[in-house]
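Visitor: Dropping the sequence and predicted coords here.
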Amino acid sequence: MLIDGMERWSAFIEANASWAEVIFFLCAFAESLAFVGFVVPGVVLIAAGGALVASGALGFWQVYVALALGAVLGDAVSYWLGRVFGDRVPVVWPFRQRPELLERGSRFFLRHGGKSVFFARFLGPLRPVVPITAGMMAMPHHSFQTANLLSAVIWVPLMMAPGIAIAKGVGIDELLSGAPAPPAVTRNGGDTPCVPAPPISGEPSRC
């Protein structure tokens with residue numbers, strides 16, 4: 001499923017390369033934003049960014065900076081929504097229909113304190129919830145932003161890594177076209193060159 005999603009999004013972004021930074025910024029922003037983060041396929045989009053970087057279609061820093069800025073701003077907006085709306089947050093979508101989402105974030109925040117903002121970035125179900133919870137709990141702004149920035153700069157390359165690994169192993173052409181990857185080289189690979197192993201005493205060289 002990840003590869004199918006990467007195939008579609010990689011093709012779309014490559015066809016709209018002049019908007020790549022905007023697309024990645026909005027993707028990471030939405031993935032981290034309260035409410036929206038529950039429905040946006042951000043992880044697939046970020047992995048697609050890694051694949052495009054590995055293929056040379058896009059530069060690493062243009063993708064990385066756009067994603068990091070989007071992730072930081074998404075959490076920051078969520079935090080301020082919690083600070084401004086406070087007790088009114090539980091009565092809006094999706095928390096009105098699924099109060100357990102906010103309850104889970106509140107329990108996690110109360111258990112881990114300020115560190116929860118850092119850890120939640122790496123936990124998909126909690127990512128869109130803990131920042132708004134931190135705002136509702138009146139976490140000090142400078143403490144929140146420190147955890148927000150540190151987690152984002154680490155989280156982005158980790159989320160890009162699967163796309164980079166797939167593109168390196170499969171090749172971006174195969175990824176985008178859906179063609180099968182070349183078969184792995186084995187010791188009995190027909191015309192594939194075979195490097196003889198050192199002989200064991202009394203035995204000939206072998207592959």
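Guide: Sure, I can see it.

Visitor: State the mean pLDDT of stretch 152-164.
Guide: Averaging pLDDT along stretch 152-164 yields 92.

Visitor: Can you name every helix or strand that the helix or strand harbouring G82 contacts?
Guide: G82 belongs to helix 60-85 when elements are defined using DSSP states H and E. Judged by 3 or more CB pairs under 8 Å, 6 or more residues apart in numbering; DSSP states H and E, helix 60-85 is in contact with helix 20-32, helix 42-55, helix 130-136, helix 141-170. C-beta: built from backbone N, CA, C; applies to glycine.

Visitor: what sits against the residue nearest the centre of the chain?
Guide: Taking CA atoms, centre = their mean, the centroid of the chain lies closest to M159, which sits 3.1 Å from it. Residues near M159 by CB atoms under 8 Å, 6 or more residues apart in numbering: 43, 46-47, 50, 67.

Visitor: what's the neighbour count on the nearest residue to M136 once chain neighbours are set aside?
Guide: Leaving aside its chain neighbours, M136 sits nearest to G82 (4.1 Å; criterion: CB to CB, 6 or more residues apart in numbering). By the criterion of other CB atoms under 10 Å, G82 has 24 neighbours.

Visitor: shouldn't G82 be in contact with T133?
Guide: Yes - here G82 reaches T133: they are 6.4 Å apart, a contact under CB atoms under 8 Å.

Visitor: Was I right to think G5 contacts V44?
Guide: Yes - between G5 and V44 there is a contact at 3.8 Å, judged by CB under 8 Å.

Visitor: Of the two, which one has the most company?
Guide: Higher neighbour count among G5 and V44: V44, with 23 against 15, using other CB under 10 Å.

Visitor: just to revisit the earlier point, compute the inter-axis angle for whichever helix or strand comes after the helix holding G82 and helix 60-85.
Guide: Downstream of helix 60-85, the next assigned helix or strand under DSSP H and E is helix 99-112. For helix 99-112 against helix 60-85, the angle by axes from the mean of the first three to the mean of the last three CA atoms, to 10 degrees is 100 degrees.

Visitor: For helix 99-112, buried residues please.
Guide: 101-102, 104-106, 108-109 (16 or more other CB atoms under 10 Å).

Visitor: Same check on stretch 76-89?
Guide: For stretch 76-89, the neighbour count (16+ other CB under 10 Å) marks 76-79, 81-83, 89 as buried.

Visitor: Equivalent analysis for stretch 154-163, please.
Guide: In stretch 154-163, counting by 16+ other CB under 10 Å, buried: 155-157, 159-160, 162-163.

Visitor: Then stretch 43-62?
Guide: Judged by neighbour count (16+ other CB under 10 Å), stretch 43-62 contains these buried residues: 43-55, 57-58.

Visitor: go on, stretch 7-23?
Guide: Residues of stretch 7-23 classed as buried under the neighbour-count rule (16+ other CB under 10 Å) are 7, 9-10, 13-14, 20-21, 23.

Visitor: so how far is the helix or strand hosting R8 off the chain centroid?
Guide: For R8, the element it lies in under DSSP H and E is helix 2-15. Chain-centre distance of helix 2-15: 14 Å, with CA atoms, centre = their mean, to the nearest Å.

Visitor: Show me what that helix is packed against.
Guide: Checking 3+ CB pairs under 8 Å, 6+ apart, helix 2-15 ends up next to helix 20-32, helix 42-55, helix 141-170, helix 172-177.
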